[in-house]
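1. sequence-free structure coming up:
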């Protein structure tokens, strides 16, 4: 059966399907016409009725065609340029779809509080690996059949490319590389240490708030929190500053360059609790030296003008002669004139 004949047979089955589903009588007219439960227009022509077995076969064939199973001869006769994927390419596409679904779910579940980098880095590496497999894949049937071309460049939308770019942009904006090792296979030691200090700080907050949990209607006194958690909070804050400096030094970045979103969000939460909720403050060890230097600078103008004033007064005193010296000088001059 040629392609044309297969297509005609397919159209015929599609035309017969409604009547087959309704159980109506079908027969072919000898002249080639088709009637559905109606007599032949020409009484001289004798209709040829279909047997029950033929009706069932036609019905099964039509249903399989509508369900996408296709016809054996028809499938083999389809043009070769239809966008049908080879089994290898379809397997790559399904693998990428499954990995993308897992990563998307992880990103959404870890959105608040932010735990993107520490919870989803393995899934992100998995999706990146699937995308690399698609980019480098070549079908086994023909060397010219490239799965990358079929999956990434065969249409205007390029869904796989858009989805991959979305994951890469999200990962880059979150600066997750700053929380991972160089090979991005696990969390870095600095990140693990920071998260440990963060958990210790929150534990300290919770432990020192247990005595006030029943007084929700009254203003709480967070003195115990500020007193007992000051040390661990300051340790966390200092270590966070060290991580920032290290990040700027290693990446040759400008001051204020972001760390990974997990670390930044954890530090922001801790600072809000400490300063706004608990209204605590950390005394700076350099307060006394700063006050002393400030007072000294403020008194510098006073010292300057006072020293200038005293110096000028001493000069004036040197120019004024004593009275006794004046009288002796005048007496000597009188004697000289008399002689």
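-> On my side now, so go ahead. Just so it is clear, the model here is predicted, and its values are computed rather than measured.

2. What confidence value was assigned to residue 293?
-> Taken from the predicted model, the pLDDT recorded for residue 293 is 77.

3. quick one, helices of the stretch 201-339 of the chain?
-> 223-228, 230-250, 261-272, 287-319, 323-338 (DSSP state H, counting those that start in this stretch).

4. Worst mean pLDDT among the ones you listed?
-> If the helices of the stretch 201-339 of the chain are sorted by mean pLDDT, helix 323-338 sits at the bottom with a mean of 56.

5. got the phi/psi numbers for residue 150?
-> Residue 150 has phi and psi values of phi -70, psi -40 when expressed as degrees, to the nearest 10.

6. repeat for the one 5 residues further on
-> Note on residue 155: backbone dihedrals following degrees, to the nearest 10 are phi -150, psi 170.

7. Can you say which of the helices of the stretch 201-339 of the chain is nearest to residue 123?
-> With Cβ to Cβ, the closest approach to residue 123 among those belongs to helix 261-272: 15.0 Å. C-beta here means a position set from N, CA and C on the backbone, and glycine is covered the same way.

8. Taking their axis directions, the closest one and helix 230-250 sit at what angle?
-> Here the directions of helix 261-272 and helix 230-250 differ by 140 degrees (axes from the mean of the first three to the mean of the last three Cα atoms, to 10 degrees).

9. which helices and strands sit right next to helix 261-272?
-> Packed against helix 261-272, as judged by 3 or more Cβ pairs under 8 Å, 6 or more residues apart in numbering; DSSP states H and E, are the following elements: helix 116-136, helix 189-209, helix 230-250.

10. Now mean neighbour count and distance to residue 302 too, for the ones you listed, in TSV please.
-> What follows is the helices and strands packed on helix 261-272, written out as TSV (neighbours: other Cβ atoms under 10 Å; distance: least, Cβ to Cβ, whole Å):
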stretch	mean neighbour count	distance to residue 302
helix 116-136	18	57
helix 189-209	16	46
helix 230-250	15	38
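
11. Adding distance to residue 169, write the ones you listed out as CSV.
-> Written out in CSV, the entries for the helices and strands packed on helix 261-272 read as follows (distance: least, Cβ to Cβ, whole Å):
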stretch, distance to residue 169
helix 116-136, 12
helix 189-209, 22
helix 230-250, 20
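
12. Helices along the stretch 51-200 of the chain, start to end?
-> Assigned by DSSP H, counting those that start in this stretch, the helices in the stretch 51-200 of the chain fall at 52-66, 72-76, 87-109, 116-136, 147-152, 159-173, 189-209.

13. what's stretch 107-117 in contact with?
-> Stretch 107-117 has contacts (Cβ atoms under 8 Å, 6 or more residues apart in numbering) with 119-120, 170, 174, 176, 179-180, 187, 260-262, 265-266, 269.

14. Tell me where the model's unsure across the protein.
-> Within the chain, the segments meeting pLDDT under 70 span 1-83, 137-145, 210-220, 251-256, 282-288, 313-339.

15. what do you get if the cut-off is 50, keeping everything else the same?
-> Of all residues in the chain, those with pLDDT under 50 make up the ranges 1, 3, 20, 22-38, 47-48, 66, 68-78, 138-144, 216-217, 325.

16. May I have the residues that are in contact with residue 152?
-> With contact set as Cβ under 8 Å, 6+ apart, residue 152 has these partners: 134-135, 158, 160-161.

17. Name the nearest residue to residue 224, sequence neighbours excluded.
-> Sequence neighbours aside, residue 208 is the residue nearest to residue 224 in space, at 4.6 Å (criterion: Cβ to Cβ, 6 or more residues apart in numbering).

18. Touching, the one you found and residue 223? I think so.
-> No - with contacts counted by Cβ atoms under 8 Å, residue 208 stays clear of residue 223, the gap being 9.3 Å.

19. ok, now how distant is residue 133 from residue 155?
-> To residue 155, residue 133 is 20 Å away according to Cβ to Cβ, to the nearest Å.

20. Same check on residue 197?
-> Taking Cβ to Cβ as the measure, residue 197 and residue 155 are separated by 50 Å.

21. follow-up on the earlier one: what's the most buried one of the helices of the stretch 201-339 of the chain?
-> Of the helices of the stretch 201-339 of the chain, the one with the most neighbours on average (mean count of other Cβ atoms under 10 Å) is helix 261-272, at a mean of 18.

22. hang on, the earlier thing: Throw the contacts of stretch 107-117 into a markdown table and include distance to residue 98, thanks.
-> Rendered in a markdown table, the data for the contacts of stretch 107-117 read as follows (distance: Cβ to Cβ, whole Å):
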| residue | distance to residue 98 |
| --- | --- |
| 119 | 18 |
| 120 | 15 |
| 170 | 19 |
| 174 | 23 |
| 176 | 22 |
| 179 | 25 |
| 180 | 23 |
| 187 | 25 |
| 260 | 26 |
| 261 | 26 |
| 262 | 25 |
| 265 | 29 |
| 266 | 31 |
| 269 | 33 |
